[in-house]
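Participant: okay, sequence plus prediction incoming.
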Amino acid sequence: AQSVSQHNHHVILSEAASLELGCNYSYGGTVNLFWYVQYPGQHLQLLLKYFSGDPLVKGIKGFEAEFIKSKFSFNLRKPSVQWSDTAEYFCAVSTSGGSYIPTFGRGTSLIVHP
Amino acid sequence: DGGITQSPKYLFRKEGQNVTLSCEQNLNHDAMYWYRQDPGQGLRLIYYSQIVNDFQKGDIAEGYSVSREKKESFPLTVTSAQKNPTAFYLCASSQPPPADTQYFGPGTRLTVL
C-alpha cells in the first residue's frame, strides 16, 4: 500500500526566508505526486503536480517541487516566503497499486511572520 | 461559476443521531470523494465513487454510508456507529483516475454533543 510522510509538522519562518517542506512516499512503481495548500478560511487547492517528464515542477505563487525517484521524495521549495504563504500544506501520492486514489500526508502548518 | 458546494458549513448533532452531509458539484466530474480532516492527521479517505450508482470504501469507512444516485451529488451519512464523529469533512471531485487534480469543497465542521 502507498503511504506519504511529511516530516515537518509545524514550520515558522520570517518573511524572505527560504522554505523547503519534506515529502516522502513509499511505493515502488509509477507515482503521481501532488502538493495542495489550504489557506486560512479557503478551500484546499492544488499548488503543483508531477505526472511525468521534467522532475522539477513549477507551481503557483513561486513554489516548485523536485521529484527524486531514488529518494522517493517530492520536496516543496520556495526561495523567499511571504506572510501570505501562511497555510497548511499537504503532499499526496496516487499510484496504479492504489487505483490512482490519492493518499495524503499529515500536512505541514506553515506560519510566516511579517 | 463551477465548483463544489457543501452544506451546511457547521453542523451540531446529539450523540446517537444520524446526520447527512451534502456535497454537490457542477464540474461534470465523474469521480467524487469524501475525506475526514483531523488536526495532525491530514486527510483520510472515507468513501469514493468513480461513477453513478457505484462507490467504494476508503480507509476509514466504518460508521459512514454514502449514495451516488446522481452524477452531481454524493451525500455522506455519519451514523451513530461512528465512534468519534466530531471532525471536519471535505468533499472533492475529479475526472476519473488515473489521476487528475482534485477539486475540494469548503468543508462541513460536524460537532457531536
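Facilitator: Yes, it's here.

Participant: quick one: the residue nearest the centre of chain B from chain A, how far?
Facilitator: Central residue of chain B (C-alpha atoms, centre = their mean): residue B:34, 2.9 Å from the mean position. Between residue B:34 and chain A the distance is 12 Å, computed by C-beta to the nearest C-beta, to the nearest Å. Where you see a C-beta, it was placed from the backbone N, CA and C, and this is true even at glycine.

Participant: does that residue count as helix, strand or coil?
Facilitator: strand (DSSP: H, G, I helix; E, B strand; the rest coil).

Participant: how close does it sit to residue A:32?
Facilitator: As for residue B:34, its distance to residue A:32 is 21 Å (criterion: C-beta to C-beta, to the nearest Å).

Participant: low-confidence stretches in the chain?
Facilitator: Going with chain A. Residues of chain A meeting the criterion pLDDT under 70: none.

Participant: wrong one, I was asking about chain B
Facilitator: For chain B, residues meeting the criterion pLDDT under 70 lie at B:1-2, B:98-99.

Participant: quick one: the strands in it, in order.
Facilitator: Taking DSSP state E as the criterion, chain B carries its strands at B:4-7, B:10-13, B:19-25, B:31-38, B:42-51, B:54-57, B:64-66, B:76-78, B:87-94, B:103-104, B:108-112.

Participant: quick one, strands of chain A?
Facilitator: A:3-5, A:10-14, A:19-21, A:24-26, A:31-38, A:44-50, A:56-58, A:64-68, A:73-78, A:87-95, A:103-104, A:108-113.

Participant: quick one: buried residues of the longest one?
Facilitator: Right, strand A:87-95. Within strand A:87-95, the residues that count as buried by 16 or more other C-beta atoms under 10 Å in any protein chain shown are A:87, A:88, A:89, A:90, A:91, A:92, A:93, A:94, A:95.

Participant: out of everything not next to it in sequence, what's closest to the second one?
Facilitator: When you say that, I think you mean residue A:88. residue A:38 (4.5 Å; C-beta to C-beta, 6 or more residues apart in numbering or on different chains).
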